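Asker: this is a predicted model, with the sequence first.
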There are 6 protein chains.
Amino acid sequence: MEKKSKRFQKGMEIIREYEDKSENPAYSITFEALMDLDEDLEDYIVEFAFGDIYSRSGLTHEEKTLMTISSLVTQGLEPQLRLHVNTGLTVGIPPKKIVDAIIHLLPYTGFPRVLNALNIAKDVFKNRGVEVGK
Amino acid sequence: MEKKSKRFQKGMEIIREYEDKSENPAYSITFEALMDLDEDLEDYIVEFAFGDIYSRSGLTHEEKTLMTISSLVTQGLEPQLRLHVNTGLTVGIPPKKIVDAIIHLLPYTGFPRVLNALNIAKDVFKNRGVEVGK
Amino acid sequence: MEKKSKRFQKGMEIIREYEDKSENPAYSITFEALMDLDEDLEDYIVEFAFGDIYSRSGLTHEEKTLMTISSLVTQGLEPQLRLHVNTGLTVGIPPKKIVDAIIHLLPYTGFPRVLNALNIAKDVFKNRGVEVGK
Amino acid sequence: MEKKSKRFQKGMEIIREYEDKSENPAYSITFEALMDLDEDLEDYIVEFAFGDIYSRSGLTHEEKTLMTISSLVTQGLEPQLRLHVNTGLTVGIPPKKIVDAIIHLLPYTGFPRVLNALNIAKDVFKNRGVEVGK
Amino acid sequence: MEKKSKRFQKGMEIIREYEDKSENPAYSITFEALMDLDEDLEDYIVEFAFGDIYSRSGLTHEEKTLMTISSLVTQGLEPQLRLHVNTGLTVGIPPKKIVDAIIHLLPYTGFPRVLNALNIAKDVFKNRGVEVGK
Amino acid sequence: MEKKSKRFQKGMEIIREYEDKSENPAYSITFEALMDLDEDLEDYIVEFAFGDIYSRSGLTHEEKTLMTISSLVTQGLEPQLRLHVNTGLTVGIPPKKIVDAIIHLLPYTGFPRVLNALNIAKDVFKNRGVEVGK
């Protein structure tokens, strides 16, 4: 498969919009670590997840991130939640709104998933040096 | 516990904003059927889920519904998904955007959860007589 | 594998204690339907699930059923929930207590799993002709 | 997006290999029903799921189907399980082996998921007119 | 919202009954860490989870804890399982019975969830200095 | 219960076939740690999981491991995934095939479960000193 397809380029453009521009690159969208396991894996992520899905025009970056965070909180997928709370900040969601979004899930997932997610959000906020305004 | 607390009233106000005003009341927020099992259950739903959580000010009705739909799709909770796709329409989310939101979950839940959810959305759209614009 | 091992006999004894003695046998522990798929499947259920696990002495029948119902509600496993709400009645758990036990899960699973489970419990109560006392 | 990309064609070739050639087309891989909701959805399924993932060379059709069935049983995804038990038969997995594969999951998912899956497999076998040999 | 509602007070009373009275406060019910993220979160936990749900009269403390542990084991929610195994000891469930309750879930969740939960229980027992009697 | 039943012996034989023969015993099938919690737990694992289920003849060791890995990836059960990626290597599945099997799940579980599983596989490969061939 030839790399650098149009979909790949489109995917990379989206990824750059979500990438952490803070001075703490700890939670950037990095998958190099896995690329030596399979040479096509990068394509699947960049072309399908970002080039196909994230590049769709029906939702704003903020709405896409909210949908993503909700699914990750629901599944308890903590490493990815850490990443997407961070990309949420990058695309401009205020920290207070990220907290509100997670708390909204209380009636749908129960308390443990929500409290565990808030602990992660708190940690990301601290690492990014952002405050949760009232 | 005295009914008609402030939280109960606030919850009922929110519920009315989400209630189906179409001529097809099939998916209204109805829980009367369960009320004879436990006399406090209605309070928990109205006071906590709506009076406490849905009444929070940090997210719009549309954003609350998107968060909700994402969690329900992820869990495969079909009766509730049917309800909240319907309330999504009621609070003004265009059908195309509901479709886009569900499709956004493909990288996070895989295809089966998304395709099953789209089948439900399609059915709700049909019952409400709305079309998915291009 | 020789049928009628000691564990099989012990398992069958336990099953009989849980079996619906009402006039409505609809939710008995029946797995004959699957036995023609695999000749050892009955042994796994009777010997392991009942002969080994249900025959342990540390919990009462009521406590075993509560643990079981909690796991089934949490997973949304509706056919089995139907069965075990029924066996709960058989071993003497009052319907009101089954309702209380399901409602206790609200903070741990959220509302949808609990409401769907209560609908099933309500249906089983109706089929068994029992009332939820106040 | 131009249809009929190379990946789309590759995906359609794979789909044809998995399609039910029996006289009972009930469980064919059909997603036309959803195509009017979103014009790109067909591409995602055909190009990504089949053109990218199912076209990989590391596993046989049989092994791909076993991996798929295991994930679907674990998630309790019954409509898709019905489809993939059927495609399993189409690519030549003996019914007895499908049963064995599902039963192997007993220690990993517990009995309810496995018994519900076996009920579905039994129904598919009956519709296809195949017998589970000893 | 005025703090110190009746429900809040009732909730705090329940929490005190479940709180670790041992010399190792490691797993107390603490959520102060999250309170600076949202000022209402404490109310939701104390008022709803404890004041509304845990204060219900239909189940004993022991039965409530068993229901809770079952749901947490089933979801693999390890931080909360640690907490509630500990509160189980506090309300007087013998360690052996906690072990029995977790083992009872083998047919419903499979072995991995149960073995991971037993590892946590073992660790809590060790920290509390309690022995699992035969 | 008398130890050393026929099923126990059969189970131990199977376990030995799956046991890590490399010089790194880190991920052997060990459950001694939990045996002091309950004296029958070892029997359940050895007799039921291995003596009954793993000893069935319908699937090869390789197929059994693929089914197992798929269920564990789907549930995000990381300690057990670590173990069974290791046993996969022991029974002769090439590392590349383990990677391919996990990647096959992308359409069924989404990316996060698959990427987290690949990270674990990569770590096991490194500890066993095996390379993923092209």
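Answerer: Everything's here; your move.

Asker: quick check, the helix or strand of chain A with the lowest mean pLDDT touching chain D?
Answerer: One helix or strand of chain A scores below all others by mean pLDDT, DSSP states H and E: helix A:32-35, with a mean of 78. No - Helix A:32-35 does not reach chain D (CB under 8 Å from any CB of the partner chain); its nearest approach is 15.7 Å. Where you see a C-beta, it was placed from the backbone N, CA and C, and this is true even at glycine.

Asker: what comes up buried for that helix?
Answerer: Buried residues in helix A:32-35, counting neighbours by 16 or more other CB atoms under 10 Å in any protein chain shown, are found at residue A:34.

Asker: other SSEs contacting it?
Answerer: With contacts defined as 3 or more CB pairs under 8 Å, 6 or more residues apart in numbering or on different chains; DSSP states H and E, helix A:32-35 has these neighbours: helix A:41-43, helix F:111-128.

Asker: pLDDT value on whichever residue of chain A sits closest to chain E, please?
Answerer: Relative to chain E, the nearest point of chain A is residue A:112 (4.3 Å; CB to the nearest CB). Looking at residue A:112, its pLDDT is 96.

Asker: count of residues packed around it?
Answerer: Number of residues near residue A:112 (other CB atoms under 10 Å in any protein chain shown) recorded here: 23.

Asker: for residue A:6, same thing?
Answerer: Using other CB under 10 Å, residue A:6 has 10 other residues around it.

Asker: now it: closest residue in space, sequence neighbours ignored.
Answerer: Counting by CB to CB, 6 or more residues apart in numbering or on different chains, residue A:51 is the residue found nearest to residue A:6 once chain neighbours are left out, at 7.8 Å.

Asker: returning to what we had before: looking at the helices and strands packed on helix A:32-35, which is nearest to chain D?
Answerer: helix A:41-43 (7.8 Å).

Asker: can you name the element that comes right after the closest one?
Answerer: Using DSSP states H and E, the next helix or strand after helix A:41-43 towards the C-terminus is helix A:61-75.

Asker: name the residues that touch stretch A:58-72?
Answerer: Here stretch A:58-72 makes contact (CB atoms under 8 Å, 6 or more residues apart in numbering or on different chains) with A:17-18, A:54, A:80-81, A:84-85, A:87-88, A:91-93, A:98, A:101-102, A:105, A:117, B:63, B:66-71, B:73-74, B:96-97, B:99-101, B:104-105, B:108-109, F:112.

Asker: same thing but at 7 Å, please
Answerer: Among residues not part of stretch A:58-72, those counted as contacts by CB atoms under 7 Å, 6 or more residues apart in numbering or on different chains are A:17, A:54, A:80-81, A:84-85, A:87-88, A:91-93, A:101-102, A:105, B:63, B:66-67, B:70-71, B:74, B:96-97, B:100-101, B:104-105, B:108-109, F:112.

Asker: for the residues you listed, which ChimeraX command selects only the ones that are buried?
Answerer: A single ChimeraX command selects the buried members of those (16+ other CB under 10 Å):
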select /A:54,80,81,84,85,87,88,93,101,102,105 /B:63,66,67,70,71,74,96,97,100,101,104,105,108,109 /F:112
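
Asker: residue A:18 versus the most centrally placed residue in chain A, what's the distance?
Answerer: Against the mean C-alpha coordinate of chain A, by CA atoms, centre = their mean, the closest residue is residue A:84 at 2.2 Å. Counting by CB to CB, to the nearest Å, the separation of residue A:84 from residue A:18 is 9 Å.

Asker: about what we covered before: restricted to strands, list the contacts of stretch A:58-72.
Answerer: In strands, defined here by DSSP state E, there are no members of the contacts of stretch A:58-72.
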